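J.: give me a 3D structure for the following:
(chains A, B, C and D)
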There are 2 protein chains.
Amino acid sequence: MSAKHSINQVYSMDLSERSRKVLQAVIDSYIETGLPVGSAVLVKKYEFNLSSATLRNIMAELEELGYLTHPHTSAGRMPTDRGYRYYIDTIISFEREQPSFSGELAQAEALQSGEIHQLMEEASQFLARLSHHAGVVVAPAEPEGLYRHIEFVRLRGNEVLIIFVTNTGAVMNKIVDMDEAISQHDLNAFSGYLDEELEYRTLPEVRQRLLELLREEKAGFLKLFERAYRASQEIRERESEKVFIGGASQIIDSPEFTDIEKIRALFRAFEDKYKLIKLLDKSVAAQGIKVFIGSENPYFEMQDCSLVVGSYKAGSAIGTLGVIGPVRMHYKQVIQVVDYTSRLLSRILDERLKKGIDR
Amino acid sequence: MSAKHSINQVYSMDLSERSRKVLQAVIDSYIETGLPVGSAVLVKKYEFNLSSATLRNIMAELEELGYLTHPHTSAGRMPTDRGYRYYIDTIISFEREQPSFSGELAQAEALQSGEIHQLMEEASQFLARLSHHAGVVVAPAEPEGLYRHIEFVRLRGNEVLIIFVTNTGAVMNKIVDMDEAISQHDLNAFSGYLDEELEYRTLPEVRQRLLELLREEKAGFLKLFERAYRASQEIRERESEKVFIGGASQIIDSPEFTDIEKIRALFRAFEDKYKLIKLLDKSVAAQGIKVFIGSENPYFEMQDCSLVVGSYKAGSAIGTLGVIGPVRMHYKQVIQVVDYTSRLLSRILDERLKKGIDR
DNA sequence: TATTAGCACTCATAAAACATGAGTGCTAAA
DNA sequence: TTTAGCACTCATGTTTTATGAGTGCTAATA
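T.: Numbers count the residues shown, from 1 in each chain, chains lettered A, B, ... in the order given. Reported below is the predicted structural model:
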């Protein structure tokens, strides 16, 4: 599914079928147990018709190629980041249908009626529950939907509350300070004017049009235009900052995080939402799922973690979501969960969107 | 400041001035270093003109009374929860003015213009930063402010978006499904009607009045009334569920939490926002700061923590806020921080409120 | 009577010594 | 090319052995 990291490494040829099977067995076993895998274990658990000595030779080979390591001489083998990479890129395969999730699906569908941010919050918990790791959902930079209505409410002489509404029912608001008092009557007139002017536009178009109108305007609502435009900018920034993290405590459950220092660093990173956003947003270039394994991770606070990222679309806007967990995670399952959730979320948002289209 | 736990214990009399000083010294030293305090340390660090032997006798006495313990025979003394309780109730004193915070104050003031939830989010981080523990802010069960405006936006035939606005600029919204189509024109008429009917009422009054109007209503807007009322209920529940936790990772820094199990339990508890709300809300009976020390804590997941809780008022509504940290915390400082923040937050909200009053 | 010096005793903690066994790499035979 | 065999390594766990901080108690002292 991911390509970036495999593109300039042609490793599919330099491994015999047998070696690949051994690598898979080692990784499978290690993912399952968390214990370094010795040659004897391979003989017992898997059906190679080979002796432990032969398997030792093969593993030594795989180690030379950088796919496995040794914690120390007398220990079994465990995968390196590179080993995991190979495993994901060329060994395991994915099926789309996930009948095992269907029980949980009903619950997710129930979200449909909720508020959009609540939906994302619950989606992050959904990810966490299914993956047994931390789930993250980042709201799209641009809220979904088309312009539907703008309302100005005068709070006090100079303070005016601006409310934007999209046809999907998203509500965004901002208090602005006008330099001079404006009557509610004038505000209503302006609102009506904008409703006609901006109807059915996407939000980027709205901002664009506001800017044009602002420039055309000779007098009258000049100040109001200017404030509305600025508000639309600020709202956009504010909305795009929303991150939802579910099941962060699951991280602690992983036996790999015995080291308090690592846990601390990780939770610090979780608190720095801005970084998280950048991390996820940067990660997702196109469609599909992308996996970052340990050291591949752009943020070094997270180099003990792996990251499985996907995207979902809300109309024209694109949001990101993913799972953060230890490097030793059940990639196949997690990738399927992320894939499933991203499509689920897209579908739910799509339905909301469709509802709004013919108002 | 707190009384609950000291009311039925008359311990102020049964301790000599000297014993009290020793208890204070032990607790001070323990809070500072985290190490059990031996008699020799007391001689060195504090100016009792007593030998270590005498201090040993006094400490043995304090132990008998239940204020101190021994981890083992050959270790120094450390406070029990009861010891901390005595310490807080009758030994330390608090000053209101906190010049050391003033540097941070400016930053907090800057919050004033932000959205209310962002304000609370930042307040939780403010608490965390100043206390070096986790900071929690719970939104008031009832949003501040008075009725200002209601807006109905038709999204699609049967779906209507209801937006409530208070005179403080709080915006709450909810999508409802009408059984039959209603024109935007009718919705506007209804909105105008409600604006006249509900102006300047508090939100509980609004709900009350809506219910009355609903009963009086023979026909016409009956269904709309009913939906508006139900929306107001649901919004209330939703709004009251907001909890903001800042600096949760600070918890991990405390050397007391070496035990991964404890950390995990705690973070689980943090994720269960509903419980947190109950915890804080139940804790604050009246004005003032309340302290829960270790086992005094109503939730056993948190019996290794202490809790310093305060309240703030937003108009007629009351919200809670506090700090959660290890039992060995710098109570004096933390109490001052919570006290300070609660008054700061009240003041900021009050100013917002005043602005709204003469619209 | 209150305080203190002195001393035997306790026990957590750290270091050292030792045993165990899982798992390896290598060699030589099959 | 595979495998049996064996010496070797080294993390992990256990036992042993100091070390010393800190106590409680007793008897001397002010």
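J.: got the phi/psi numbers for residue A:168?
T.: Torsion angles at residue A:168 (phi, psi; degrees, to the nearest 10) stand at phi -90, psi 0.
J.: look at residue A:176 and give its secondary structure.
T.: Classification of residue A:176 using DSSP: H, G, I helix; E, B strand; the rest coil returns strand.
J.: state the mean pLDDT of the helix or strand hosting residue A:162.
T.: Using DSSP states H and E, residue A:162 sits within strand A:159-166. On average, the pLDDT along strand A:159-166 is 90.
J.: so where is the stretch 151-300 of chain A shaky, pLDDT-wise?
T.: Where the stretch 151-300 of chain A drops to pLDDT under 70, the residues are A:218-220, A:285-286.
J.: just want the residue of it that's nearest DNA strand D.
T.: Distances between the stretch 151-300 of chain A and DNA strand D by Cβ to the nearest atom of the strand are smallest at residue A:258, namely 10.9 Å. Glycine gets a C-beta too; all of them are placed from N, C-alpha and C.
J.: mind checking how far the nearest residue to that residue once chain neighbours are set aside is from residue B:132?
T.: Nearest residue to residue A:258 in three dimensions, chain neighbours excluded: residue B:260, at 7.0 Å (Cβ to Cβ, 6 or more residues apart in numbering or on different chains). Residue B:260 sits 21 Å away from residue B:132, going by Cβ to Cβ, to the nearest Å.
J.: quick one on the thing from earlier: three-state assignment of the residue of the stretch 151-300 of chain A closest to DNA strand D?
T.: Following three-state DSSP, we place residue A:258 in the coil state.
J.: got the phi/psi numbers for it?
T.: Backbone geometry at residue A:258, expressed as degrees, to the nearest 10, gives phi -80, psi -30.
J.: can you list the buried residues in stretch A:29-36?
T.: By 16 or more other Cβ atoms under 10 Å in any protein chain shown, the buried positions in stretch A:29-36 come out as A:29, A:30, A:31, A:36.
J.: now do the helices in the stretch 51-200 of chain A.
T.: In the stretch 51-200 of chain A, the helices defined using DSSP state H, counting those that start in this stretch lie at A:52-64, A:81-86, A:102-109, A:116-131, A:184-198.
J.: give me the number of residues near whatever residue of the stretch 51-200 of chain A ends up closest to DNA strand D?
T.: Among the residues of the stretch 51-200 of chain A, residue A:74 lies nearest to DNA strand D; the distance is 2.9 Å by Cβ to the nearest atom of the strand. A count of nearby residues for residue A:74, using other Cβ atoms under 10 Å in any protein chain shown, gives 8.
J.: do the one 3 residues further on as well
T.: As a burial measure, the neighbour count of residue A:77 was computed by other Cβ under 10 Å and equals 29.
J.: check what pLDDT it gets.
T.: In this model, residue A:77 is scored at 97, pLDDT.
J.: in contact with it, which residues?
T.: Listed by Cβ atoms under 8 Å, 6 or more residues apart in numbering or on different chains, the contact set of residue A:77 reads A:26, A:36, A:37, A:38, A:59, A:62, A:63, A:68, A:69, A:70.
J.: so which of those sits lowest on pLDDT?
T.: Where pLDDT dips furthest among those: residue A:70, at 92.
J.: now do the strand holding residue A:162 against strand B:159-166, angle only.
T.: Per axes from the mean of the first three to the mean of the last three Cα atoms, to 10 degrees, the angle that strand A:159-166 makes with strand B:159-166 is 170 degrees.
J.: show me which residues of the stretch 151-300 of chain A sit near chain B.
T.: Taking Cβ under 8 Å from any Cβ of the partner chain as the criterion, the stretch 151-300 of chain A approaches chain B at residues A:151, A:153-156, A:159, A:161, A:163, A:165, A:167-169, A:171, A:173-175, A:238, A:247-249, A:252-253, A:258, A:260, A:263-264, A:267-268, A:270-271.
J.: any quick ChimeraX command for the buried ones out of the residues you listed?
T.: A single ChimeraX command is used to select the members of those judged buried by 16+ other Cβ under 10 Å:
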select /A:151,153,154,155,156,159,161,163,165,167,168,169,171,173,174,175,247,248,249,252,260,263,264,267,268,270,271
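J.: count the residues that sit near the residue nearest to residue A:313 when sequence neighbours are not counted.
T.: Spatially, and ignoring its direct neighbours in sequence, residue A:313 is nearest to residue A:346 (5.2 Å; Cβ to Cβ, 6+ apart). Residues near residue A:346, counting by other Cβ under 10 Å, number 18.
J.: can you check residue A:53 too?
T.: For residue A:53, the neighbour count with other Cβ under 10 Å is 10.
J.: isn't residue A:349 right up against residue A:145?
T.: No - when contacts are counted by Cβ atoms under 8 Å, residue A:349 is not listed as touching residue A:145 (9.6 Å).
J.: which residues do those two both contact?
T.: Residues touching both residue A:349 and residue A:145 (Cβ under 8 Å, 6+ apart) are residue A:315.
J.: show me the domain layout of chain A.
T.: Residue ranges for the domains of chain A, per automatic domain parsing: A:17-91, A:99-141+A:242-357, A:147-239.
J.: pick the most deeply packed of these.
T.: domain A:99-141+A:242-357 (a mean of 20; mean count of other Cβ atoms under 10 Å in any protein chain shown).
J.: contact partners of stretch A:115-124?
T.: Against stretch A:115-124 from outside (Cβ under 8 Å, 6+ apart): A:108, A:111-112, A:114, A:135-137, A:139, A:143-144, A:168-170, A:242, A:244-247, A:319, A:321, A:341, A:344-345, A:348-349, A:352, B:174, B:238.
J.: and what of stretch A:259-275?
T.: A:134, A:241, A:243, A:245, A:248, A:251-252, A:257, A:276, A:299, A:301-302, A:304-305, B:246-249, B:252-253, B:258, B:260, B:263.
J.: in helices only, show me the residues you listed.
T.: Cross-referencing the contacts of stretch A:259-275 against helices under DSSP state H gives A:251, A:252, A:276, B:252, B:253, B:260, B:263.
J.: with the residues you listed in mind, which one is nearest to DNA strand C?
T.: Using Cβ to the nearest atom of the strand, the ones in helices among the contacts of stretch A:259-275 come closest to DNA strand C at residue B:260, 17.7 Å.
J.: measure that closest one to residue B:252 for me?
T.: For residue B:260, the distance to residue B:252 (Cβ to Cβ) stands at 10 Å.
J.: could I get the contacting residues of residue A:342?
T.: Residues in contact with residue A:342 (Cβ under 8 Å, 6+ apart) are A:289, A:310, A:311, A:312, A:321.
J.: parallel or antiparallel, list what pairs with the helix or strand hosting the second one.
T.: Spelled out, that is residue A:310. Assigned by DSSP H and E, residue A:310 belongs to strand A:305-314. The pairing partners recorded for strand A:305-314 under DSSP bridges are strand A:290-292 (antiparallel), strand A:317-326 (antiparallel).
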